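Colleague: what follows is a predicted protein model with its sequence.
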Amino acid sequence: MRTIPGHRAFLAALSVTVVLVVNSETNALPFILVSANLVSESCSPPTTQPMFNSAIDPFENVTIRVCLLNSDNPPASNLLVTLLEDNHIRIPSGPQLYGFMPPGGPPVCRNFSFDAAQVCGGMVAARFHLQDGNSDLGILIYTFNLGRFSEGEYTCCYPACGLICPDDITVEAVQGQCSAAVEYPLPTKVFDPNVGDLCDGVSYGDRNGPMPSGTTFNVGSHLVFAQGGAGANCTFIVTVLDTQPPVVTCPDTEITALVGDDCKADVPDMNALITRSDNCPDGRTTAVTQDPPAGTRVAAGTTAITVTVTDNSGNTAQCTQNLRVAGRCGCDVCGTSMPVAMALAAPWLLSAKLRRRRMARSLRR
């Protein structure tokens, strides 16, 4: 890597946006990016093009010095800044401690290194995460173009071959299935147009074999690896989401029970009574809850039991089943807590003694 002694060339096309990440609200932060200067670059072209051009070039490892200023209250007691990795910022250096930054104080500068993966003249958005202790302050986004801009065009120091994979892809599983076939383009190849394509054949795969466009992925996240000539490679992530709720069915017939000595009956465990299924089988429908819970003691009458089934992706489904609890003499049935209609409809629930008493009264009339 070439170090540029005393070099403080201001990077072209500087623009700064600050996004507050707390509660998904967008607000201005008091931190200002005062300067972002190129400190070192490492371009090693395979041709006679200039090796160093005092610019950030495609797939070049560079170090920039980022200076921040706190322009407003409150002060930052221990500011920590992290350059985030993405498809165009690769192998970033670790977090940098800016420390105490009072409002109106002098700028504080720290160095960040990374590889810039983009075409010549293409724009890169470097995202800096700001944190003060346990407080998440937001994301500072610094954008710049690759190469040196002169006479209306960008010129670059090119690698032998560079690959830019597509952005991460997120899709939903096919209805009724636990997977999806995913289409994606081949990586963008970056090379010196004066030399030609040295990337050779580019292919996708992982440790298990080829993964061409149209590959079927199961629910979950999958790292896709692309490889080309001259050791060029890139990766992106395919995520297949399960957004389909499970299916749960309660029994067709009403559940009945008789009160015990305490004039109450147990709510049954519905787990053994329901049927359930999910588009992702093999035990992915794991959580079954009910309200009221199994074993709860309920009095005579009708109690609605709601069963909730949750799969491993957090999708839920419900069904409701009635529990009809019949009373008995001594639990207000003969006096009244059990509805008369229920008692008449289920005379076998009444004691033989009670039936004889009612019959004797009827004969005396």
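Modeller: Yep, it's here.
Colleague: make sure residue 281 is actually in contact with residue 179.
Modeller: No: using C-beta atoms under 8 Å, residue 281 is not in contact with residue 179, being 11.7 Å away. Backbone N, C-alpha and C define where each C-beta goes, glycine included.
Colleague: neighbour-wise, which of those two wins?
Modeller: Taking other C-beta atoms under 10 Å, residue 281 and residue 179 do not tie; residue 179 has more neighbours (16 against 9).
Colleague: settle this for me: the more buried one is touching residue 173, isn't it.
Modeller: Yes: Residue 179 lies in contact with residue 173 (C-beta under 8 Å); the separation is 6.0 Å.
Colleague: which neighbours do those two have in common?
Modeller: Contact with both residue 179 and residue 173 is made by residues 219, 240, according to C-beta atoms under 8 Å, 6 or more residues apart in numbering.
Colleague: okay, and the residue nearest to residue 187 when sequence neighbours are not counted sits in which element?
Modeller: Among residues not flanking residue 187 along the chain, residue 163 sits closest, at 4.2 Å (C-beta to C-beta, 6 or more residues apart in numbering). If you go by DSSP states H and E, residue 163 is part of strand 162-164.
Colleague: can you check residue 177 too?
Modeller: Here residue 177 is assigned to no helix or strand, by DSSP H and E.
Colleague: quick one, what contacts it?
Modeller: residue 279.
Colleague: and residue 271, helix, strand or coil?
Modeller: Following DSSP: H, G, I helix; E, B strand; the rest coil, the label given to residue 271 is helix.
Colleague: tally of neighbours for it?
Modeller: 13.
Colleague: same deal with the one 3 residues further on?
Modeller: Neighbours of residue 274 under the rule other C-beta under 10 Å: 16.
Colleague: show me where pLDDT drops low in this protein?
Modeller: 1-29, 44-51, 73, 282-285, 332-365 (pLDDT under 70).
Colleague: how about the helices in it?
Modeller: 340-345, 352-364 (DSSP state H).
Colleague: now tell me what touches the strand holding residue 163 from outside.
Modeller: The contact list for strand 162-164 (C-beta under 8 Å, 6+ apart) reads 58-59, 87-88, 117-119, 187-191, 199, 202, 226-228, 232-234.
Colleague: tell me which of those fall in strands.
Modeller: Counting by DSSP state E, the contacts of strand 162-164 place 188-190, 226-227, 233-234 in strands.
Colleague: for these, give me a markdown table that also has neighbour count and distance to residue 215.
Modeller: Formatted as a markdown table, the ones in strands among the contacts of strand 162-164 follow (neighbours: other C-beta atoms under 10 Å; distance: C-beta to C-beta, whole Å):
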| residue | neighbour count | distance to residue 215 |
| --- | --- | --- |
| 188 | 16 | 20 |
| 189 | 18 | 21 |
| 190 | 24 | 25 |
| 226 | 21 | 13 |
| 227 | 18 | 16 |
| 233 | 15 | 18 |
| 234 | 22 | 17 |
